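1. One predicted model, sequence on top.
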Amino acid sequence: MHSDKRKGKPNIDGLTAVEIIHLFGGTKSAAIRGLARGGMKVKEITHRLDIRYQHVRNVLTRPLKRGPHAPRVGTPAHEASKDKSTLQTEAEAEAEAEAEADVDVVANNVKR
């Protein structure tokens, strides 16, 4: 993606809406944010992506519900991250139980 040096806007001339969306990561929201960062006005974005003005405005005014690099819900990457977090919590619970057992052993030795 090249920028027009005079205007600071991404050079997307000749690309279809689908190609623009793919260029910015595969979601309309990502494309909207990318085009806006490049200096494109809301009305221009609506025309280039063939979407409603309100959609563009909502994306630009509302905060992200997740981090920009977090996997989207319902994707294999999201499912894998859920599995990892479950494993981490199980591992943390085991470590905590072991630590409590160690404290009990030390406490019993101190009492004697």
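-> That came through fine.
2. List the residues that contact Arg33.
-> Shown in contact with Arg33 (Cβ atoms under 8 Å, 6 or more residues apart in numbering): 24, 59-60. Every residue, glycine included, has its C-beta placed from N, CA and C.
3. Buried subset of those as a PyMOL selection?
-> Buried subset of the contacts of Arg33, written as a PyMOL selection, criterion 16 or more other Cβ atoms under 10 Å:
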select buried, resi 24+59
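4. from the contacts of Arg33, which has minimum pLDDT?
-> The lowest pLDDT within the contacts of Arg33 belongs to Phe24, with 83.
5. quick revisit: out of the contacts of Arg33, which sit inside helices?
-> Taking DSSP state H, the ones among the contacts of Arg33 that sit in helices are 59-60.
6. Relative to Ala97, which of the contacts of Arg33 is nearest.
-> Val59 (45.1 Å; Cβ to Cβ).
7. Thanks a lot, see you next time.
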